[in-house]
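In: Predicted model follows, preceded by the sequence.
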Amino acid sequence: MPEQQNYRAPRGVTDILPDDQILWNAVKSTAILTARQFGYQQIDTPVFENTGLFRRGVGDETDIVQKEMYSFDDLGGESLTLRPEGTAPVCRSYIEHGMHNLPQPVRLFYIAPMFRYDRPQAGRYRQHHQFGCEAIGDTSPNIDAEIIEIGLRYINALGLSDVTVRINSIGDPETRQSYADDLRNHYTKYADDLPKVDRDRLQRAPLRLLDSKEPATQRLSADAPKSLDYLSDEAQNHWENLLSLLDGLKSAYPKFKYRIDHTLVRGLDYYNRTVFEFEPSIEGSQTSLFGGGRYDPLIGKLGGAPTPGVGFGSGIERIILEIQRQESLDIAETSLNAVMVHIGDDATARAAALAAELRKQGLGILMAPAGKSMRAQMRYANRANANYAIIIGNREIEQGVAAVKPLQFDGEQLSVDLKADAIAKTLRPIL
RNA sequence: GUGGGCGUAGUGUAGCGGUUAACACGUCAGGUUGUGGCCCUGAAGAUCGAGGGUUCGACUCCCUCCGUCCACCCCA
C-alpha cells in the first residue's frame, strides 16, 4: 500500500520564494548593469558539460573535481557534469566559437547556477548562483584591475562598500614548482609539529598549508617562503603595475582597501599570477563574497591557442546574506495599478474584458477571486498592494460606469465611464 | 568525510511523565442593505520528524535513524 510521501527540496538546495525574488532581481539587475557599464556582454552556457572539461580545466587533483561534482552518465553513455564553476565553460565556448577572431579582449559575464556536492551550511549550498565576469585575450595588468573594479562597482551599488580585497600573486607555472618545493621543505622541517590534517596536505597540496586554520600551522606559515619572492621578472612587473593601478582606484572608491596576503592561494589549478578574494569586514567562515584571478594557462589546457584570461565569480546567495545582514538595500515592491472587484456573473465577464483592455495599455491588473463577497474581494485587494480597486457590480453596469477607489492614498471614490480609456486615464496620474 | 546544536499546525513559538497539545501571525468565513486597512467573532489546520525502548501511561526520559542548522574541510 503506497504511503503518503511528503517531498521536500533535496538537501542543500532551496526555493527562492516570491518575497525573496524582489531582492534577487535587484541584485541580478545590478550585476547586469554593472557588467554592461564596463562593456561586458552576457553569455549563458549549458547547465551541464562533458565531465572532461572540468577534470582538465579545474584540475583532477582539486577538491571540486575529486569530491564535489554532480557527474552522471546519460542514456547514451556520455559522462556529464552539472557545472561546478563558470570559468571553464566560458573558455570552452570562447574556443568553440572562435572568439579569438573578435576584438581582444573578449569581455563576458554570466549569472548562472553552480552545483557542488558539499555539506550545506550558512552561505554554502549544493546549488548556488554566481555572477561572474571573464576578460579573455589580454595579458596586461590593466585588465586585472578592471576585473577588480567591476567587483567594487557592483558591491558599491548594493551598498556593501565595506569590504577588504585580499590579493596575492602566485606566479607562473614555471616558478610555481620551485616555490612549492621550497614550501614543502619549509614545513617538512616542522612536520612533527603539524596537526594531522596538515601533514596530509603537505604531500598533496603544500600551498594549501598557507591558509590552514590550525594555529600551529599558522605560526609556521608566518616565516614560510612567499610566492611573491619567486616571481619572474615579467610576473613581478605585472604585479607591481597592478598594485599601482589599484592605488589609482582609491579616489573613486574611498572605502576600498586591499591587503596583500601571501597565504591566499586558490583551490583551482588554472590560476596564475593574480589571485584575489573580496571579504566583508565581519567574522565568519563562509564569507568570501568574490573569488577570482588570472588563468593564463587554462585556454591552452582546454585545447585552444594559448590565450590569457582573468575573471571572478561572486556568489549571489552570499551577497544577499550580506545585504540582509547590513540592511544595505531598501527595496520597495512595485505595486499593481488596480485590482478588479466584480460582483455577479455579468460583472465578472465585463471586468475580465475590461482588464484585458487595460493590460493592453500596459497597466497591471489583478482579478479578485470570482464569486466571493464584496468584502472578501476588497480585503483581497488590500493585501495585493494595488493602487486602486476598480469595482463593477450590477449597479455600475446599469449606469455604464465603474467605481474607481484609491487604496494606497487618500482620495474620493470616482465613478468613471465603463470604458478602458476613461478608466486608464483615472489610474495613470499616480504612476 | 569529521564534530556539535536543534526537530510541536503554513510561519514563529509555548508546554508538561497523566483525560479535548496552547499562543501569535497567516488562511477561510462572518460582523444587517454592495467597499479594504484597525477592531471583534468563528472555522479549518499538528498522526508533537520516523522507528524502537523505559513506564500503568510519553510530545515530555533513553537509543537508533532521518532531516535541518552551525563549525571543520573546501569554496562562491
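Out: Yes, it's here. Numbering: from 1, shown residues only, chains lettered A, B, ... in the order given.
In: now the residue in the stretch 151-300 of chain A that RNA strand B sits nearest to, what's its secondary structure?
Out: Nearest to RNA strand B in the stretch 151-300 of chain A, going by C-beta to the nearest atom of the strand, is residue A:267, at a distance of 0.9 Å. Yep, even glycine has a C-beta here, placed from its N, CA and C like the rest. Using DSSP: H, G, I helix; E, B strand; the rest coil, the structure places residue A:267 in coil.
In: and if you look at the one 10 residues further on?
Out: Classification of residue A:277 using three-state DSSP returns strand.
In: if we look at the sheet, which residues does it bridge to?
Out: Beta-bridge pairing for residue A:277 (DSSP bridges): residue A:166, residue A:291.
In: is it true that it touches residue A:168?
Out: No. Judged on C-beta atoms under 8 Å, residue A:277 makes no contact with residue A:168 at a distance of 9.3 Å.
In: Need the residues touching each of these two.
Out: residue A:264 (C-beta atoms under 8 Å, 6 or more residues apart in numbering).
In: Output the below-cut-off pLDDT ranges for the stretch 301-431 of chain A.
Out: A:429-431 (pLDDT under 70).
In: so where do the strands sit in it?
Out: All strands of the stretch 301-431 of chain A, identified by DSSP state E, counting those that start in this stretch, fall at A:309-315, A:336-342, A:365-367, A:386-392, A:401-406, A:414-417.
In: what does the stretch 201-350 of chain A put close to RNA strand B?
Out: Taking C-beta under 7 Å from any atom of the strand as the contact definition, the stretch 201-350 of chain A meets RNA strand B at A:201, A:208, A:211-214, A:266-268, A:277, A:284-286, A:288-291, A:313-315, A:317-318, A:341, A:343.
In: Emit the PyMOL select command for whichever of the residues you listed are buried.
Out: Here is the PyMOL command that selects the buried residues among those (16 or more other C-beta atoms under 10 Å):
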select buried, chain A and resi 201+208+212+266+267+268+277+288+289+290+291+313+314+315+317+318+341+343
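In: What is the burial count for the residue in the stretch 301-431 of chain A that RNA strand B sits nearest to?
Out: Nearest residue of the stretch 301-431 of chain A to RNA strand B (C-beta to the nearest atom of the strand) works out as residue A:395 at 2.1 Å. Neighbour count for residue A:395, taken as other C-beta atoms under 10 Å: 13.
In: Look up how far residue A:237 lies from it.
Out: Between residue A:395 and residue A:237 the distance, using C-beta to C-beta, to the nearest Å, works out to 83 Å.
In: likewise residue A:22?
Out: Distance of residue A:22 to residue A:237, given as C-beta to C-beta: 47 Å.
In: One more: residue A:342?
Out: 73 Å.
In: Which of these two has more residues huddled nearby?
Out: Comparing residue A:342 with residue A:237 by other C-beta under 10 Å, the one with more neighbours is residue A:342, at 29 against 12.
In: what separates that one from residue A:353, distance-wise?
Out: To residue A:353, residue A:342 is 11 Å away according to C-beta to C-beta.
In: Also residue A:396?
Out: Plainly put, residue A:396 is 14 Å away from residue A:353 if you go by C-beta to C-beta.
In: who touches both of the two?
Out: Shared contacts of residue A:396 and residue A:353 (C-beta under 8 Å, 6+ apart): none.
In: can you tell me the residue of the stretch 51-200 of chain A closest to RNA strand B?
Out: Closest approach between the stretch 51-200 of chain A and RNA strand B, counting by C-beta to the nearest atom of the strand: residue A:122, at 2.7 Å.
In: can you give me the strands in the stretch 101-250 of chain A?
Out: Assigned strands in the stretch 101-250 of chain A, in chain order: A:106-115, A:127-136, A:163-169 (criterion: DSSP E, counting those that start in this stretch).
In: In CSV: the ones you listed, plus mean neighbour count.
Out: Shown next, in CSV, are these (neighbours: other C-beta atoms under 10 Å):
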stretch, mean neighbour count
strand A:106-115, 21
strand A:127-136, 24
strand A:163-169, 22
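In: With that, I have no additional questions.
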